[in-house]
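Q: Dropping the sequence and predicted coords here.
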Amino acid sequence: GKAVGSVLRINGLKAFNEYVVRRSSRLPVALKICSDQNEDSKKELTEFQAVAGSFDGRLSCVALDLFAFHENYQIVSQLMMQENILKLELPLFMFFKDGALYRTDTVPVAILQGFHTRENLEQFITKKFFN
């Protein structure tokens, strides 16, 4: 893993289980599903990095490149099927807590698609986890 306040890039199921599923039992995890071939994903890099810095230590920020590793695509397909997401717009943000995609009785599963500014993301995450 990298230093606190940075975005950890992961590949494969083992890393996903360790850095997203297991870690989310300790603190919320923001997972960004992206692709280096996608313009909005590239644009999002600095925004997500800034978000990681602003929640320094209270939120784990993880990035998964859809096409960088064979298993990455399978993980994302699985999540999409599970949540009935039919269209994938990169970057896709998913939020995990207590070992699963975050939802409550009143809040549906937390998912954002497409480019989001740092402000957008910070407000969304604050509302979800830190209110």
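A: It's in. Numbers count the residues shown, from 1 in each chain.
Q: Run through the bridge partners of residue 10.
A: Beta-bridge pairing for residue 10 (DSSP bridges): residue 64.
Q: Now the phi/psi pair for residue 82, please.
A: phi -60, psi -40 (degrees, to the nearest 10).
Q: correction: residue 93
A: According to degrees, to the nearest 10, residue 93 has phi -110, psi 130.
Q: Use 9 as the first number for this chain going forward.
A: I'll keep to 9 as the first residue from here, and by that count the last item is residue 101.
Q: Test my guess that it contacts residue 129.
A: Yes - counting by CB atoms under 8 Å, residue 129 is a contact partner of residue 101 at 7.3 Å. (Glycine included, C-beta is placed from N, CA and C.)
Q: what's the overlap in contacts for the two?
A: Common neighbours of residue 101 and residue 129, counting by CB atoms under 8 Å, 6 or more residues apart in numbering, are 38, 120.
Q: Can you tell me which residue is spatially central in this structure?
A: residue 39 (1.2 Å; CA atoms, centre = their mean).
Q: Can you classify that one by secondary structure?
A: strand (DSSP: H, G, I helix; E, B strand; the rest coil).
Q: Alright, calling it a day.
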